[in-house]
Each structure stands twice: as structure tokens, then as C-alpha cells.
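Trainee: need a 3D model of the sequence below.
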Amino acid sequence: MNLLYAVSAQGNPLYQGKFGLHGRYQTYGQHSFIYDLIAAAYRRGVRVTLLVEGLSGFPLAEPLKKYAHVFELDEAPQLGTVDLVLLDRDQATEPAARPAADHTWPEL
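Mentor: Now for the predicted structure:
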């Protein structure tokens, strides 16, 4: 199975430290969810590609390279067959580009 996980970290207040608490930034478990999901998928033989809009500011990029192919959203290679797509984005914004694959992306 091939999983494509697209994260819009750029412009997303969750990933820009907008939720401070006692000098630390809260992500409300989002980072844990992303890491655990990708690591668990990898352990079960799922091939994961993580595309991140705003990759340079996304703290999980390096740790997740152990479990997934990690790319900036607009620099992703041709992906081939994708069985499942997960989109993680701020509801108020749309990622600048959708990743190219061997099919047409539906409008959201």
C-alpha cells in the first residue's frame, strides 16, 4: 500500500507557535499523531510519502525520514500509484499546490 500524507505547515497557525503555554508551544498532539501514524504504517509495510508545504520549518522532517520519503510539497517527484491520501491543512487555507500523481486530483 502507498500512503501519501500532505501537510500544510506553511501559514498554518498550529505549526507557527501560535499556541503558547508557559514559554513552550503546544501542537495539541498533532506532531505525536503524525509521527506515530507514519511510524506505525512503516512497521506494517506501508510505503509512506510525506509532502510538507513549509518543510524547512517543520520539526518532524528529519526524524520521519527514517520511516518515509519526505519532500517539500512543490518539489515532490512523480509519485506513481497512491492508494490513500491524507491532507493535513488549516481549514482557512488551501495548499499552494497539490502533489502530482498518475490521476486527477478532485477539488475539495
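Trainee: sec struct for V52, please.
Mentor: Look at V52: counting by DSSP: H, G, I helix; E, B strand; the rest coil, its state is strand.
Trainee: just the pLDDT for it.
Mentor: Reported pLDDT at V52 in the predicted model: 91.
Trainee: repeat for G17
Mentor: Per-residue confidence at G17 stands at 53 (pLDDT).
Trainee: what do you get for the one 10 residues further on?
Mentor: T27 is assigned a pLDDT of 58 by the prediction.
Trainee: which helices and strands does the longest helix along the chain pack with?
Mentor: Across the chain, the helix with the greatest residue count (assigned by DSSP state H) is helix 30-43. Counting contacts by 3 or more Cβ pairs under 8 Å, 6 or more residues apart in numbering; DSSP states H and E, helix 30-43 is packed against strand 2-8, strand 47-53, helix 61-64. From N, CA and C alone the C-beta is placed, and that goes for glycine too.
Trainee: at 10 Å instead, please
Mentor: With contacts defined as 3 or more Cβ pairs under 10 Å, 6 or more residues apart in numbering; DSSP states H and E, helix 30-43 has these neighbours: strand 2-8, strand 47-53, helix 61-64, strand 84-88.
Trainee: list the buried residues in the last one.
Mentor: Think strand 84-88. By neighbour count on 16 or more other Cβ atoms under 10 Å, the buried set for strand 84-88 is 85, 88.
Trainee: good, wrapping up.
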